[in-house]
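Visitor: Generate coordinates for the sequence data below:
(2 chains)
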Amino acid sequence: MSIPMYILKRILQAIPLLFIVSLISFFIIRLSPVDPLAELKLNPAISPQTLQAEKERLGLDLPIYQQYFKWASNALQGNLGISTSGEKVSTRLIERIPNTLLLTFITIILTWIVGIPLGTYAALNWRKPVDRTLTMLTSAGMAIPSFFFALLLLIFAVKTGLFPAGGLTSPGFERLGVFGKIFDIAHHLFLPVVVLFTISLAGLQRQMRGNLLDVLETDYIKLARAKGLPENKVIYKHALRNAINPMVTLLGFEFASLLSGAALTEYVFQYPGLGRLILEAVMKSDINLVMASLMIGAIMLVLGNLIADILLKLVDPRVTIN
Amino acid sequence: MDKYFELKSLLKQLRKDKLAFLGLIVLIILYAGIAFAGFIAPYDKEFSDRNLAYCPPSQIFTIDENGKFSRPYTYNYKREFNPETFKIDFKSDRSQKYYLNFFSKGSEYKLFGFIPTNLHLVTVASDGRLFLLGTDINGRDNFSRLLFGGQISLTIGFLALFISFPIGLLYGGIAGYFGGITDNIMMRIAEAIMSIPSFYLLIILAAILPANMTSAQRFALITVILAFIGWAGFSRVVRGMVLSIKNQEFVEAARSVGANSLRIITKHILPQTASYVIVAITLSVPGYILAESGLSFLGLGIQQPDASWGNMLKEAQEFINILYRPWLLTPGFLIFFAVLSFNLVGDAIRDILDPKSKIRQ
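Guide: Numbers count the residues shown, from 1 in each chain, chains lettered A, B, ... in the order given. Next up is the predicted model:
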């Protein structure tokens, strides 16, 4: 099967999956005793006409399964309804998604740049003090609750004044030049990235170490050594390449756990991302927004896994796509 | 007997791994602490001294003002308004010494929930205050609340496991055993649940809980929610294992003597996955602990006046608190040490049960 066909097939497979996700999310939310319009009614800025339109759009007088189809057909046409603040849900999502993607992409790239060499280094120094120290450090990194670590870094930021205490941009952002803007965003991103990086590095480093140790035991490595190939070549040309391949499948999982882990980190750092949006939406029982962010989260996850699978196919010719 | 010897050799091997053994000791101390919480805690969890909100930890002296050894004693704090900084300062009130009484009588409580007693490890005279780790905004003793909070934070994970693991086992077992269209539909549903970022699902489920619940109901429902998030991933792995087990001869044999499918799954196939299940359990407890604390930290989990390590950390969200009242961060360190210990022990058990894994050897 060619790659475009494979992508098409996977997208077709994702459709029933997303359908089930939407069913589950819809019924979970509708199970709640919360009146979906309660917050809208309380907002004086929202006119009775809008309220009525929203009531009809949600089809609140209809039986629940018809409500679902109504919601689904609206969503497919890009109409996700309005949020309790009166804005369109889609506008708010479009504002937030790039910020979360920025945060997760930077974290993933950094963890790979650091995690792969660290894992390799640990595997090559198997059972030596360096390896043990690294294992201990990564265990600690895995154990620290993200929100607690974020709080500790906030204390550091406030005490030293070296970093801004949250947000994505400074108040005078609009007046900065291009480099000023980039620097400002990087400055704000630093601490949240440190939190997510520390937490996801541990898993990646351990996986890489385990993979390389497994590969080093295989027959073809023994053969390479037996025929007198220099150790450098054995490791970097033969072993490492094969150890990295399975890591690509991890990309999808990493993306998933980052989306979840980012929610608490975004909350503590007041970072304007999807995680904080959904949290705020949940707290204000902003039903439309909650439903839409759940779906977006699921779509992002499915896409992440798809990209990981395609990458794997590209780097590893042994993988058959079926 | 067989099982007993297995456990014994497991413990013996665990002792060789110093870090894992240390983790095991930390866990034993933590769980002993919460089991005897009523005895160790100087105060009950509702006790509050409204005049001493955010009081710093009591200082304990064993050398008196004349430089001589003395029975341990402490001073009370009194609040003073500082006109220069416009803040309330806590000053040690040196006029009255309060000696620490060990194994003395204090407030009534029930040990293990059913033995009524009033014996406490350490108390001070009734108008003295012993706040070993300071107090929170309501003047409640942080140290005592850490012990009572641990009762929730450290057990909710296990309770959730008792729900999610049987479900995951049975679900994965049925899907793997029957295969075909049953398997296809069941696995699509499990995948759909896994496709929603777990923390998003968690906060939404917690948020739709009605507000007027008793704390016991809330605790039970949070447990169910945690279990609901956890079973899907586990069931997928079980299904994979069942697929490879179900074609072996002993399953064939059971089928030929006429055992029904449910019996084959539960009595013959699932026990084969035992060592994976043990490892998965020890490695998934920390996830539940972190999830509960995250949820309570956001105010969606365990609610005041009940204590959990997560909701105690909620107060640390304010800058002023974390800068001037560092003792409010103690629950975070406890979560960290508990999770770290579970991970170290879990890794060691995996290495012992699965000699092929080299993660920590």
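Visitor: what residues are up against residue B:212?
Guide: Shown in contact with residue B:212 (Cβ atoms under 8 Å, 6 or more residues apart in numbering or on different chains): no residues. All C-beta spots, glycine's among them, are computed from the backbone N, C-alpha and C.
Visitor: actually residue B:198, not the one I wrote
Guide: With Cβ under 8 Å, 6+ apart, residue B:198 has these contacts: A:256, A:260, B:229, B:291.
Visitor: for the stretch 151-300 of chain B, what are the low-confidence residue spans?
Guide: The model of the stretch 151-300 of chain B has no residue with pLDDT under 70.
Visitor: Relative to chain A, which residue of it is the closest?
Guide: residue B:208 (3.2 Å; Cβ to the nearest Cβ).
Visitor: Do you have the strands of the chain handy? List them.
Guide: Going with chain A. Assigned strands in chain A: none (criterion: DSSP state E).
Visitor: should've been chain B
Guide: B:60-63, B:69-82, B:87-99, B:101-111, B:115-123.
Visitor: Any chance of those in CSV with mean pLDDT, mean neighbour count and distance to residue A:45 as columns?
Guide: Output for the strands of chain B, formatted as CSV (pLDDT from 0 to 100; neighbours: other Cβ atoms under 10 Å in any protein chain shown; distance: least, Cβ to Cβ, whole Å):
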stretch, mean pLDDT, mean neighbour count, distance to residue A:45
strand B:60-63, 76, 12, 58
strand B:69-82, 77, 15, 43
strand B:87-99, 75, 13, 40
strand B:101-111, 76, 14, 52
strand B:115-123, 77, 15, 57
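Visitor: can I see the domain layout of chain A?
Guide: The record's domain split for chain A, according to automatic domain parsing, is A:3-76, A:96-315.
Visitor: Pick out the shakiest of the ones you listed, pLDDT-wise.
Guide: Among the domains of chain A, domain A:3-76 carries the lowest mean pLDDT, a mean of 78.
Visitor: Between the two ends of it, how far is it?
Guide: Start-to-end span of domain A:3-76 (Cα to Cα, to the nearest Å) is 27 Å.
Visitor: re earlier: nearest to chain A among the strands of chain B would be which one?
Guide: Per Cβ to the nearest Cβ, nearest to chain A of the strands of chain B: strand B:87-99, 17.1 Å.
Visitor: Other residues contacting the closest one?
Guide: By Cβ under 8 Å, 6+ apart, strand B:87-99 touches B:52, B:55-56, B:59, B:71-82, B:124-125, B:128-130.
Visitor: just to revisit the earlier point, which of the contacts of residue B:198 sits closest to residue A:270?
Guide: residue A:260 (18.5 Å; Cβ to Cβ).
Visitor: chain center to stretch A:184-199: distance?
Guide: Stretch A:184-199 sits 14 Å away from the centroid of its parent chain (Cα atoms, centre = their mean, to the nearest Å).
Visitor: If you could redo that for stretch A:91-99, that was the one I meant.
Guide: 14 Å.
Visitor: Same question for it: list its buried residues.
Guide: Within stretch A:91-99, the residues scored as buried using 16 or more other Cβ atoms under 10 Å in any protein chain shown are A:92, A:93, A:96, A:97, A:99.
Visitor: Just give me the neighbour total for the nearest residue to the first one once chain neighbours are set aside.
Guide: Once flanking residues are discounted, residue A:92 sits nearest to residue A:83: 5.6 Å by Cβ to Cβ, 6 or more residues apart in numbering or on different chains. Each residue near residue A:83 was counted by other Cβ atoms under 10 Å in any protein chain shown, and the total is 25.
Visitor: Equivalent analysis for residue A:126, please.
Guide: By the criterion of other Cβ under 10 Å, residue A:126 has 15 neighbours.
Visitor: My guess is it contacts residue A:213. True?
Guide: Yes - in terms of Cβ atoms under 8 Å, residue A:126 counts as a neighbour of residue A:213; the distance is 6.4 Å.
Visitor: What pLDDT does the model give residue B:320?
Guide: At residue B:320, the model reports a pLDDT of 69.
Visitor: I meant residue B:4, not that one.
Guide: Predicted confidence (pLDDT) for residue B:4: 66.
Visitor: One more: the one 3 residues further on?
Guide: Confidence per residue is given as pLDDT, and for residue B:7 that number is 72.
Visitor: Give me the most central residue, chain A.
Guide: residue A:259 (2.9 Å; Cα atoms, centre = their mean).
Visitor: next one: phi and psi at the residue lying closest to that one once chain neighbours are set aside?
Guide: Excluding its sequence neighbours, the residue lying closest to residue A:259 (Cβ to Cβ, 6+ apart) is residue B:197, at 4.3 Å. Here is the backbone geometry of residue B:197 (degrees, to the nearest 10): phi -50, psi 130.
Visitor: Surely residue B:197 is in contact with residue A:299?
Guide: No - applying Cβ under 8 Å, one finds residue B:197 not in contact with residue A:299, separated by 10.7 Å.
Visitor: With neighbour numbers in mind, choose between the two.
Guide: residue B:197 (27 against 15).
Visitor: how much space between that one and residue A:71?
Guide: The gap separating residue B:197 from residue A:71 is 20 Å, by Cβ to Cβ, to the nearest Å.
Visitor: again, but for residue B:211
Guide: 26 Å.
Visitor: Ok, residue A:29 next?
Guide: 10 Å.
Visitor: which residues are in contact with both of these two?
Guide: residue A:291.
Visitor: residues of the lengthiest helix in chain B that come out buried?
Guide: In chain B, taking DSSP state H as the definition, the longest helix is helix B:142-178. Using 16+ other Cβ under 10 Å as the test for burial, helix B:142-178 gives B:142-157, B:159-161, B:163-165, B:167-177.
Visitor: What are the boundaries of the helices in the stretch 251-361 of chain B?
Guide: With helices called from DSSP state H, counting those that start in this stretch, the stretch 251-361 of chain B shows them at B:261-263, B:274-297, B:309-313, B:319-324, B:330-353.
Visitor: Would you mind finding the most buried of those helices?
Guide: Among these, the stretch with the highest mean neighbour count (mean count of other Cβ atoms under 10 Å in any protein chain shown) is helix B:309-313, at a mean of 28.
Visitor: related to what we said a few turns ago, quick check: pLDDT value at the residue nearest to residue A:92.
Guide: Reading off the model, residue A:83 has pLDDT 74.
Visitor: Return the residues of the stretch 151-300 of chain B in contact with chain A.
Guide: B:188-189, B:191-193, B:195-201, B:203-205, B:207-208, B:210, B:286, B:290, B:293-294, B:297-298, B:300 (Cβ under 8 Å from any Cβ of the partner chain).
Visitor: ok, for the residue most central in space within chain B, nearest residue in space, not its chain neighbours?
Guide: In chain B, the residue lying closest to the centroid (Cα atoms, centre = their mean) is residue B:154, at 1.6 Å. Distances taken as Cβ to Cβ, 6+ apart place residue B:34 nearest to residue B:154, at 5.8 Å, with adjacent residues excluded.
Visitor: Next: residue B:344.
Guide: residue B:23 (3.6 Å).
Visitor: what about the one you found, how many residues close to it?
Guide: 24.
Visitor: Surely it touches residue B:340?
Guide: Yes - using Cβ under 8 Å, residue B:23 makes contact with residue B:340 at a distance of 6.9 Å.
Visitor: I'd like the distance between residue B:304 and residue B:321.
Guide: Taken as Cβ to Cβ, the span from residue B:304 to residue B:321 is 16 Å.
Visitor: ok, now residue B:43?
Guide: 21 Å.
Visitor: do residue B:346 as well
Guide: 33 Å.
Visitor: quick one: contacts for the nearest residue in space to residue A:220 that is not next to it in sequence?
Guide: Among residues not flanking residue A:220 along the chain, residue A:238 sits closest, at 6.9 Å (Cβ to Cβ, 6+ apart). The contact partners of residue A:238, by Cβ under 8 Å, 6+ apart, come to A:220, A:221, A:224, A:229.
Visitor: burial measure for the closest residue to residue B:54 other than its chain neighbours, as a count.
Guide: By the measure of Cβ to Cβ, 6+ apart, the closest residue to residue B:54 outside its immediate chain neighbours is residue B:325, 5.4 Å from it. Look at residue B:325: counted by other Cβ under 10 Å, it has 20 neighbours.
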